[in-house]
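>>> Predicted coordinates and the sequence they were generated for:
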Amino acid sequence: MNIYVLLKRTFDTEDKIVVTDGEIEDDSAEFIINPYDEYAVEEAIVQRDEHGGEVTVVTIGDEDSEKQLRTALAMGADKAVLINTEDDLEEGDQFTTVKILEKFFEDKEVDLILAGNVAIDEASGQVGPRLAERLDIPYVTTIVGLEIEDGTAHIEKDVEGDVEKIDADLPLLVTCQQGLNDPRYPSLPGIMKAKKKPLDELEIDDLDLDEDDLEPKTETVDIFLPPEKQAGRVLEGDISEQVKELVSLLKNEAKVL
């Protein structure tokens, strides 16, 4: 099987985000593989081990993204591709990302593409489904179970606390949800092997694209942190007094009544 994983480099979920003048300060920030993409990498490895073939991890970014690609290789992926846009692209959006990926997959034989359900930085959940539409292949989002048999994928899809069972033919794109698997940690032998695994680097010119093809369709107007939450307030007295105080607070301070 030819299995591909779409991977994104994101802020560490435990790192404090600093916003200055509408821009995120990333000079001192720690970056990781988008956590939902880790489920995709793990599932790709599981499916390869069961059915054969190879796993290729693909990301769009700059040279700093090599670290996350090497981590995926250390987990067990076979190959990695960095589409380096550092010198060719100042800004982009989901349209831009999908346009680049569509061109990358244009001449590829694909059986299965896996991606994270969402990226934790923007959480749009658009890239996977939009790419599947452009490639004209079926897709299923938020999967929590996957078995492949005779070219058919038997899928369990998370639907807000319940599970929907879906069958779909390959080639197929799926986005992965928490609960699908437990991503492995890179082992020391895996880390050493990753240094020798192929990591190819492409640029926009290699895909026969120019900046006009990739002009974003959306504009970020402002970036800001949500207001800090005020400390909770404990109401005292008997129940009737607490009710009166609560109603007063909702009416005069919260102004929701």
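Perfect, I can see it now.

>>> okay, how far is it across stretch 189-203, tip to tip?
31 Å (Cα to Cα, to the nearest Å).

>>> ends of stretch 98-111, how far apart?
End-to-end distance of stretch 98-111 (Cα to Cα): 18 Å.

>>> Check which residues of it are buried.
Val98, Lys99, Ile100, Leu101, Glu102, Lys103, Phe104, Phe105, Val110, Asp111 (16 or more other Cβ atoms under 10 Å). Quick note: C-beta positions are derived from backbone N, CA and C, even for glycine.

>>> Please apply the same query to stretch 234-253.
For stretch 234-253, the neighbour count (16+ other Cβ under 10 Å) marks no residue as buried.

>>> List of residues touching it?
Under the criterion Cβ atoms under 8 Å, 6 or more residues apart in numbering, residues Arg233, Val256, Leu257 lie in contact with stretch 234-253.

>>> What helices and strands are in contact with whichever strand in the chain runs longest?
Determined from DSSP state E, the single longest strand within the chain is strand 139-149. Contacting strand 139-149 under the criterion 3 or more Cβ pairs under 8 Å, 6 or more residues apart in numbering; DSSP states H and E are the following elements: helix 35-51, helix 127-135, strand 152-159, strand 162-169, strand 172-176.

>>> buried sites along the longest one?
Think helix 35-51. 35-48.

>>> what's the neighbour count on the closest residue to Ile32 other than its chain neighbours?
Of all residues not flanking Ile32 in the chain, Asp12 sits nearest, at 5.0 Å (Cβ to Cβ, 6 or more residues apart in numbering). With neighbours defined by other Cβ atoms under 10 Å, the count for Asp12 comes to 13.

>>> And for Gly190?
With other Cβ under 10 Å as criterion, Gly190 counts 17.

>>> ok, and it, which helix or strand is that part of?
helix 188-194 (DSSP states H and E).

>>> Skip ahead from that helix and say which helix or strand is next.
According to DSSP H and E, the helix or strand after helix 188-194 is strand 199-203.

>>> Could you check how far that next one is from the centre of its chain?
20 Å (Cα atoms, centre = their mean, to the nearest Å).

>>> Contacts for stretch 202-209, please.
Against stretch 202-209 from outside (Cβ under 8 Å, 6+ apart): 81-85, 87-89, 99-100, 103-104, 210-211, 214.

>>> Please pick the buried ones from those.
Counted by 16+ other Cβ under 10 Å, the contacts of stretch 202-209 give Val81, Leu82, Ile83, Asn84, Thr85, Leu89, Lys99, Ile100, Lys103, Phe104, Leu214 as buried.

>>> one step back: closest to Val18 among the buried residues of stretch 98-111?
Ile100 (28.8 Å; Cβ to Cβ).

>>> pretty sure the closest one contacts Ile83?
Yes: Ile100 lies in contact with Ile83 (Cβ atoms under 8 Å); the separation is 5.9 Å.

>>> anything in contact with each of the two?
With Cβ under 8 Å, 6+ apart, Ile100 and Ile83 have common neighbours Ile60, Ile204, Leu207.

>>> Look up how far Tyr39 lies from the last one.
The reference is to Leu207. Distance, Leu207 to Tyr39, using Cβ to Cβ, to the nearest Å: 27 Å.

>>> which residues of the stretch 101-250 of the chain score low on pLDDT?
Low-confidence segments of the stretch 101-250 of the chain (pLDDT under 70): none present.

>>> now do 90
Applying pLDDT under 90 to the stretch 101-250 of the chain flags residues 119-125, 160-161, 204-206, 208-238, 240-242, 244-246, 248-250.

>>> Using the record's domain definitions, break this structure down for me.
2-214, 230-257 (automatic domain parsing).

>>> Most tightly packed of the ones you listed?
Highest mean neighbour count of the domains of the chain: domain 2-214, a mean of 17 (counted as mean count of other Cβ atoms under 10 Å).

>>> what about that one, start to end distance?
Domain 2-214: ends 27 Å apart by Cα to Cα.

>>> Among the contacts of stretch 234-253, which one sits closest to Thr152?
Val256 (51.3 Å).

>>> residues touching the nearest residue to Glu201 once chain neighbours are set aside, list them.
Closest residue to Glu201 apart from its sequence neighbours, by Cβ to Cβ, 6+ apart: Leu82 at 4.8 Å. Each residue near Leu82 by Cβ under 8 Å, 6+ apart is listed here: Thr59, Gly61, Glu63, Ser65, Glu66, Leu69, Leu199, Asp200, Glu201, Leu202.
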